[in-house]
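Student: quick check, what structure comes out for this input:
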Amino acid sequence: MSSTDYNSDTLTDMTPEPTTPPRVVVLISGSGSNLQALIEAQSHDRLGGEVVAVISNEADAYGLKRARDAGIDAVALPHREYDSREAYDGALIKVIERHEPDLIVLAGFMRILTPRFVQRFLGRMLNIHPSLLPAYQGLNTHARALADEAKQHGCSVHFVTEELDGGPVVLQAELNVTSDDDVESLKQKVQAREHLILPIAVQWFLQGRLQYSGDGATMDGHLLPLHGMRLSHADAAEELDESESV
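Tutor: A predicted model of the protein is given here:
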């Protein structure tokens, strides 16, 4: 058999199977600005996968319109129509699993998840939180940072566990707080950093580089520190092309 015959029989007659991009489901409750950041990253091939569905517990959430405008399945699942948190999470599990996601992203999803829900998707859920965790878990993070006269603030992407905002941190972005800052200015600056780091963390996960283990979050097989990887204020400001350099 000649080399030509060999190549013809084994290579040129084979049709490679198309690869399916990893699938992402995003949970929201409001405007969906972080969802928009994911959609834009996907449109520029910087997400590593495809957002296949957006689910909101608020039927009038503007993020559902963002999803529909992008051709993404948008599902309203109002929590007030369910008698208990357990009943709602049971229905939410069914809707999510219908889309067979590789990753679930909580992007402003204002619900405390039941242990059943967390355990079902443990290691496959990332959340974006507006503080430098473990500081300021929970709500009203900007006001609390100002009340404490904090010098630094920011945002964190972390894996979701049963502890509220307590899962292993993956990536953070810092912000220097100035004397001119108020709740609204901090909100805007922190949101810009959220939009920067969330798509990065999602891409790392979908590429298989970022993983969850019983010991914490790992990146390329290496255990991350408690605060994860962190962008300094200067680095984040440069990435965002912010004019101020405080």
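
Student: which helix is the longest one in this structure?
Tutor: helix 183-206 (DSSP state H).

Student: mind checking which helix or strand residue 75 is in?
Tutor: Element membership for residue 75 (DSSP states H and E) is strand 73-76.

Student: wait, doesn't residue 89 sit right on residue 115?
Tutor: No - using C-beta atoms under 8 Å, residue 89 is not in contact with residue 115; the gap is 9.3 Å. C-betas here are computed from N, CA, C, even on glycine.

Student: residue 183 reaches residue 143, doesn't it?
Tutor: Yes - under the criterion of C-beta under 8 Å, residue 183 makes contact with residue 143 at 5.3 Å.

Student: please enumerate the helices of this structure.
Tutor: Under DSSP H, the chain gives helices at 3-7, 33-43, 62-69, 85-98, 115-121, 141-147, 183-206, 233-240.

Student: which of those helices has the lowest mean pLDDT?
Tutor: Of all the helices of the chain, the minimum mean pLDDT falls on helix 3-7 (a mean of 43).

Student: grab the nearest non-local neighbour of the residue most central in space within the chain.
Tutor: By C-alpha atoms, centre = their mean, the chain has its centre lying nearest to residue 105, at 4.2 Å. Spatial nearest neighbour of residue 105, chain neighbours left out: residue 26 (4.8 Å); criterion: C-beta to C-beta, 6 or more residues apart in numbering.

Student: and residue 33, what does it touch?
Tutor: 108, 191, 194-195 (C-beta atoms under 8 Å, 6 or more residues apart in numbering).

Student: again, only using 7 Å
Tutor: 191, 195 (C-beta atoms under 7 Å, 6 or more residues apart in numbering).

Student: any idea how far residue 177 is from the closest residue to residue 103 other than its chain neighbours?
Tutor: Distances taken as C-beta to C-beta, 6+ apart put residue 24 closest to residue 103, at 5.0 Å, once the chain neighbours are dropped. Separation of residue 24 from residue 177 (C-beta to C-beta, to the nearest Å): 32 Å.

Student: again, but for residue 198
Tutor: 21 Å.

Student: those two: who's more crowded?
Tutor: residue 198 (25 against 21; other C-beta atoms under 10 Å).

Student: now do the same for the closest residue to residue 151 other than its chain neighbours: its pLDDT.
Tutor: The shortest distance from residue 151 to any non-neighbouring residue, by C-beta to C-beta, 6+ apart, is to residue 177 (5.9 Å). pLDDT, residue 177: 98.

Student: my read: residue 177 touches residue 150, true?
Tutor: Yes - counting by C-beta atoms under 7 Å, residue 177 touches residue 150, with 5.7 Å between them.

Student: next, the buried residues of stretch 139-147.
Tutor: Buried residues in stretch 139-147, counted by 16 or more other C-beta atoms under 10 Å: 141-142, 144-146.

Student: and what of stretch 77-86?
Tutor: Buried, per 16+ other C-beta under 10 Å, within stretch 77-86: 77, 79, 82.

Student: distance check, residue 51 against residue 86.
Tutor: Counting by C-beta to C-beta, the gap from residue 51 to residue 86 is 27 Å.

Student: nope, residue 78 is what I was after
Tutor: Distance from residue 78 to residue 86, by C-beta to C-beta: 16 Å.

Student: also residue 35?
Tutor: 26 Å.

Student: what does residue 177 give?
Tutor: 40 Å.

Student: what of residue 126?
Tutor: 23 Å.

Student: go on, residue 220?
Tutor: 38 Å.

Student: ok, now residue 112?
Tutor: 12 Å.

Student: one more: residue 102?
Tutor: 26 Å.

Student: swap in residue 73?
Tutor: 25 Å.

Student: do residue 128 as well
Tutor: 25 Å.

Student: kind regards, and thank you for your time.
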